[in-house]
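Engineer: Sequence first, predicted coordinates after that:
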Amino acid sequence: MKVTQLSVFVENKKGRLAEAVEAMAKAKINIRALSLADTADFGVLRVIVDSPDKAAKAMKDQGMVVKTTDVIAVEVEDKPGGLNNVLKIFKDTDINIEYMYAFVEKNNENAVLVFRVENTDEAIKTLTKKGLKILKAEEVYNI
């Protein structure tokens, strides 16, 4: 139930993000979700793709620094309170969120919340006990 996310470190210079995306496009990689954070000197592109190993290789071949991280993808109804319900579970069970981002499924009425937490296995177990749907990696890669 863990999903592989790529974190790509890109210089905060014009065109560097485009180079990362171009490397994936040339390798015929389909991006499923992404988040971009920046600092003064570099950005961190967090991306979930349909073929993580192939994407990592394509970007590394272009000289980019790529790290893989396990995240969890939680499916919730796309309506007010969906995110709040998950955050309340994390708060009540003392699970710390390092970061998160979200996207809406194109063929469904649901949103997908992507979380990086301190203890991925514990978070999966806790959310499953509470009846939330944790997506398998292949489900996310094929959205």
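Structural biologist: Happy to help now that I have it. Note that this is a predicted model, so its numbers are computed, not measured.
Engineer: all contacts plus neighbour counts: C-alpha atoms, from now on.
Structural biologist: OK.
Engineer: So the protein: which segments form each domain?
Structural biologist: 2-68, 70-141 (automatic domain parsing).
Engineer: Was I right to think Val65 contacts Phe9?
Structural biologist: Yes - under the contact definition of CA atoms under 8 Å, Val65 touches Phe9, with a separation of 5.5 Å.
Engineer: higher neighbour count, those two?
Structural biologist: Taking other CA atoms under 10 Å, Val65 and Phe9 do not tie; Phe9 has more neighbours (21 against 13).
Engineer: re the thing from before, just send the domains of the chain back as TSV, with mean pLDDT too.
Structural biologist: Output for these, formatted as TSV (pLDDT from 0 to 100):
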stretch	mean pLDDT
domain 2-68	94
domain 70-141	93
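Engineer: where along the chain do the helices fall?
Structural biologist: 16-26, 52-61, 82-92, 120-129, 137-141 (DSSP state H).
Engineer: Dig out what the nearest residue to Arg46 once chain neighbours are set aside forms beta bridges with.
Structural biologist: Using CA to CA, 6 or more residues apart in numbering and skipping the chain neighbours, the partner closest in space to Arg46 is Ser7 (4.5 Å). Counting by DSSP bridges, Ser7 forms beta bridges with Arg46, Lys67.
Engineer: Can you get me a residue count around Ser7?
Structural biologist: Counted with other CA under 10 Å, residues neighbouring Ser7 total 21.
Engineer: residues in contact with it?
Structural biologist: Listed by CA atoms under 8 Å, 6 or more residues apart in numbering, the contact set of Ser7 reads Val44, Leu45, Arg46, Val47, Val66, Lys67, Thr68, Thr69.
Engineer: ok, the fifth one to Thr39 distance?
Structural biologist: Using CA to CA, to the nearest Å, one obtains 17 Å as the distance from Val66 to Thr39.
Engineer: out of those two, which sits in the more crowded spot?
Structural biologist: For Val66 versus Thr39, neighbours defined as other CA under 10 Å are more numerous around Val66 (20 against 9).
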